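>>> sequence plus predicted model, see below.
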Amino acid sequence: MPLRRYLSASVVALTPSAVALAVLHWTGALAARPALIAFACISAVTVVLVQHYIASLGRFARFVGELSGQTEPAMPRLSFTPATEELATAAATLANGWRRQRASIDNLAASAQAIVDGLPDPLIGVDRQRRIVRTNRAAVALLGAVVAERDLSTALRHPELLAAIDSLLATTDGNFTGPDQIAVSLVLSGAPELDVMAHARRLPRAAADGSLALIVLHDTTALRRAERMRADFVANASHELKTPIAGIMGFIETLRGPARDDAAARERFLGIMAEQAERMRRLVDDLLMLSRIEQHEHARPAAEVDVRSVLEGVRDLLQLKASSRKVAVELAIAPALPPAVGDRDELIIVFQNLIDNAIKYAKPATTVRIVARALDPGLLAISVSDEGDGIPAAHLPRLTERFYRVDNARSRQLGGTGLGLAIVKHVVNRHRGRLEIQSTPGKGSTFSVTLPAA
């Protein structure tokens, strides 16, 4: 304890004795010499008592200070000051109760956060100033790391949603004036885009973490995509199937009528009808495949795929077709190529489409080159190059649209359905990869796929 505290306490304790001795001396009841001796004795005893008393108070103060920490200190011996010892016991009891309450509150908070993190839909809590104070794991997975105490606009830049939240939190004279719940439909940009329904609700009072409004983002991508796929399927199928169906119907009428007894015409017409039926089968197969891929495009695959075995298998599968067109297929794979993160069957579809297109559109006696290499950080690049006629730059942005063809007649003649690159694009999007197309008219084209490495 500081010396000045001992001195001040001793002065306060000696003041009554000094006043009493001074009065006795002034009234003549006590001579000066005995009064001074008595005061000296009283001072010596008082200083000793004050020292012990203040030392006990110091130990008590340190004990109380240590109680506020995480550890539980040992009870000090305060026998010289029984009242202080009782206070220390009461303080220890209070601190133990406070620790139990804090542990209970921490457990409740952890349980609440575990429940919130377990929700499948992203959840965001905002305070009265529209600042983010709570998120769950689904929100972090969807929006990335969200900085606490930042405005909601830093995570969701959608004016309609922000305006709705402002109306939810608007007050006049301390009273809320807007609705207590809202629903807003929005689209989150990315690869792929997500259709989301945002449901926001204002709480009756602010939560312990400051949350006054909760926003739940419900992913409606699959539902909206299913609706669009049904509409697109009807429109595209009716458009693409109309021509072969009309041709088959015409040949059937001809075979029933003028060519009934013409064996040569019958054989020729049956061959054409078989080609048209095969074309319809390929078209239906591709449409069903595209629909299935689009339905699960938002769900990212997580398996490890050996890209080398995939490319070698596709090359062997298409080797006969390449030989028939006098096209050589070269495969160059970097040593120690890491596996990709994806779905093996879907990656086979991707490279089968790209290599098959390269073989179909390559000039005879040329080479189709397939190159696979690792990129930094954590990416794989697989490119398929041909030496064909190339594609004019004006067509490149639309190549991955459904049924888009640079040359309709040639595409149909080679057996194309116009869906191959659309399938490739959606599979690459599902794998969170990237498809790039480079082409020089008269020299050839290169299709490059970038995938995440395991």
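Ah, there it is. Numbering: from 1, shown residues only.

>>> could you use CA atoms for every contact and neighbour count after this?
Will do.

>>> measure residue 251 to residue 12 for me?
In this structure, residue 251 and residue 12 are 124 Å apart, going by Cα to Cα, to the nearest Å.

>>> who has more neighbours out of those two?
residue 251 (19 against 11; other Cα atoms under 10 Å).

>>> which strands and helices sit next to the helix or strand containing that one?
Using DSSP states H and E, residue 251 sits within helix 221-256. Helices and strands touching helix 221-256, by 3 or more Cα pairs under 8 Å, 6 or more residues apart in numbering; DSSP states H and E, are strand 194-202, helix 263-295.

>>> return the alpha-carbon coordinates of the first one using PDB.
Read it as strand 194-202. Extracted C-alpha coordinates of strand 194-202, given in PDB (Å, rounded to 0.1, in the frame of the first residue of the first chain):
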ATOM      1  CA  LEU A 194     -28.800 -17.900 -58.400                       C
ATOM      2  CA  ASP A 195     -32.500 -17.000 -58.100                       C
ATOM      3  CA  VAL A 196     -33.100 -16.200 -54.500                       C
ATOM      4  CA  MET A 197     -36.200 -15.200 -52.500                       C
ATOM      5  CA  ALA A 198     -35.200 -13.000 -49.500                       C
ATOM      6  CA  HIS A 199     -37.600 -13.200 -46.500                       C
ATOM      7  CA  ALA A 200     -37.000 -10.500 -43.900                       C
ATOM      8  CA  ARG A 201     -38.700 -10.200 -40.500                       C
ATOM      9  CA  ARG A 202     -38.400  -7.600 -37.800                       C
END
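
>>> other SSEs contacting that strand?
Counting contacts by 3+ Cα pairs under 8 Å, 6+ apart, strand 194-202 packs against helix 159-169, strand 181-188, strand 213-219, helix 221-256.

>>> if you set the cut-off to 10 Å instead, what comes out?
For strand 194-202, the packing partners by 3 or more Cα pairs under 10 Å, 6 or more residues apart in numbering; DSSP states H and E come out as strand 123-126, helix 159-169, strand 181-188, strand 213-219, helix 221-256.

>>> I'd like the next helix or strand past the shortest one.
Helices and strands here follow DSSP H and E; after strand 123-126, the next one along the chain is strand 132-135.

>>> only alpha carbons, please: show that next one as PDB.
Extracted in PDB, the C-alpha atoms of strand 132-135 (Å, rounded to 0.1, in the frame of the first residue of the first chain):
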ATOM      1  CA  ILE A 132     -24.600  -7.000 -40.100                       C
ATOM      2  CA  VAL A 133     -24.300  -8.500 -36.600                       C
ATOM      3  CA  ARG A 134     -24.900 -12.200 -37.200                       C
ATOM      4  CA  THR A 135     -24.500 -14.700 -40.100                       C
END
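
>>> same question for that strand, mean pLDDT?
Across strand 132-135, the average pLDDT comes to 87.

>>> off-centre distance for it?
15 Å (Cα atoms, centre = their mean, to the nearest Å).

>>> who does it pair up with?
According to DSSP bridges, strand 132-135 forms sheet pairs with strand 123-126 (antiparallel).

>>> sorry, back to before: format the helices and strands packed on helix 221-256 as JSON lines; extra columns: mean pLDDT.
Converted to JSON lines, these look like this (pLDDT from 0 to 100):
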{"stretch": "strand 194-202", "mean pLDDT": "89"}
{"stretch": "helix 263-295", "mean pLDDT": "80"}
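
>>> among these, which is the most enclosed?
With neighbours defined as mean count of other Cα atoms under 10 Å, the helices and strands packed on helix 221-256 peak in mean count at strand 194-202, which reaches a mean of 19.

>>> perfect, that will be all.
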